[in-house]
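> mind folding the following:
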Amino acid sequence: MSPELRDILFLDIETVSCVDQYSKLDDRLKVQWARKANFFKREAHQTDEDLFHEKSGIYAEFGKIVAIAVGKYTENDQGVLGLRTKCYAGHQEKELLTSFKAMLEKLGGNVKLCAHNGKEFDFPYISRRMLINGVALPFQLDYAGKKPWEVPHLDTMELWKFGDYKHYTSLDLLAAIFNIPSSKGMMDGSQVNSVYYKENDLKKIADYCVGDVVVIAQLILKMKGMGLIEQQEIIFS
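Sure, this is the predicted structure:
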């Protein structure tokens, strides 16, 4: 396997509101949420509380991570490409982030993180939540003093833009046009908050998160003109 493929760590995160009920938000954060909510487009009947349940999970200041799925390419003795995945999921965000950080540090400095819209969402969200939880940033996420071209991470949405900064393409659309099996039939991102707080089904969220990592790994292969990894070569651990 080429170093170009060997050193990639694919990842995806799932996030929810920091609390299950708006009433549990402390007063200072309620004031800050009201200020942020003023910038949202809302229906006439929507309150700050409604918007909190709908949107807060996508903001690191008002949300939390409940799952981080990762994946790395593997190669067997016959040279067949595979994928090994793992998911860090849990209710205690600090423990989850600490475990994820330990894994990154074990991999070392050559690893390149890869996510869909990762540069705008996943990478900064993880970094912000680490600092909020008092977890020092690992080398791979510590950008202090680095120039943009010194940060080696990959973003499949950015790669698909080909320099067109107006262009947004969802992972689900790319999976469809490249005929990559997708986990979107299971649920979608807008349902994660409800599945976590109302259904209490963390495993469903973790499985969905891993499914996206598989799609991203397959998408990179398609972008390189390669074939898809066969299902039997994907290891879920």
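
> for the longest strand along the chain, name the packing helices and strands.
Longest strand of the chain, by residue count under DSSP state E: strand 63-75. If you count contacts as 3 or more Cβ pairs under 8 Å, 6 or more residues apart in numbering; DSSP states H and E, strand 63-75 packs onto strand 8-17, strand 81-89, helix 93-107, helix 122-132, helix 202-223. Backbone N, C-alpha and C define where each C-beta goes, glycine included.

> and the fourth one with strand 63-75, angle?
By that I understand helix 122-132. Computed by axes from the mean of the first three to the mean of the last three Cα atoms, to 10 degrees, the angle separating helix 122-132 from strand 63-75 equals 130 degrees.

> output the contacting helices and strands for helix 122-132.
In terms of contacts (3+ Cβ pairs under 8 Å, 6+ apart), helix 122-132 is packed against strand 8-17, strand 63-75, helix 93-107, strand 112-115.

> would TSV of the helices and strands packed on strand 63-75 with mean neighbour count be doable?
Below are those laid out as TSV (neighbours: other Cβ atoms under 10 Å):
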stretch	mean neighbour count
strand 8-17	24
strand 81-89	19
helix 93-107	17
helix 122-132	19
helix 202-223	21
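
> now those in TSV, with mean pLDDT and distance to Pro152?
Formatted as TSV, the helices and strands packed on strand 63-75 follow (pLDDT from 0 to 100; distance: least, Cβ to Cβ, whole Å):
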stretch	mean pLDDT	distance to Pro152
strand 8-17	98	10
strand 81-89	97	20
helix 93-107	96	13
helix 122-132	97	12
helix 202-223	96	14
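
> so which of those is nearest Leu25?
Closest to Leu25 of these is strand 8-17 (Cβ to Cβ; 8.8 Å).

> that closest one: what's the following helix or strand?
Downstream of strand 8-17, the next assigned helix or strand under DSSP states H and E is helix 27-37.

> got TSV for the helices and strands packed on strand 63-75, with distance to Asp164 too?
Shown next, in TSV, are the helices and strands packed on strand 63-75 (distance: least, Cβ to Cβ, whole Å):
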stretch	distance to Asp164
strand 8-17	23
strand 81-89	29
helix 93-107	31
helix 122-132	21
helix 202-223	15
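
> which stretch among these comes nearest Ile234?
The nearest among the helices and strands packed on strand 63-75, by Cβ to Cβ, is strand 81-89 at 4.8 Å.

> what packs against the closest one?
Applying 3+ Cβ pairs under 8 Å, 6+ apart, one finds that strand 81-89 contacts strand 63-75, helix 93-107, helix 202-223, strand 234-236.

> and it with helix 202-223, angle?
150 degrees.

> can you redo the helices and strands packed on strand 81-89 as TSV with distance to Ile132?
As requested, the helices and strands packed on strand 81-89 are arranged in TSV below (distance: least, Cβ to Cβ, whole Å):
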stretch	distance to Ile132
strand 63-75	9
helix 93-107	9
helix 202-223	20
strand 234-236	30
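
> so for His116, which of these sits nearest?
Closest among the helices and strands packed on strand 81-89, using Cβ to Cβ: helix 202-223, at 5.5 Å.

> tally of neighbours for the nearest residue to Ser127 once chain neighbours are set aside?
Nearest non-adjacent residue to Ser127, counting by Cβ to Cβ, 6 or more residues apart in numbering: Leu141, 4.9 Å away. For Leu141, the count of nearby residues is 18 (other Cβ atoms under 10 Å).

> if we can go back for a sec, out of the helices and strands packed on strand 63-75, which comes closest to Lys55?
Nearest of the helices and strands packed on strand 63-75 (Cβ to Cβ): strand 8-17, 8.9 Å.

> for the closest one, name the packing helices and strands.
Short answer (3+ Cβ pairs under 8 Å, 6+ apart): strand 8-17 packs on strand 63-75, strand 112-115, helix 122-132, helix 192-197, helix 202-223.
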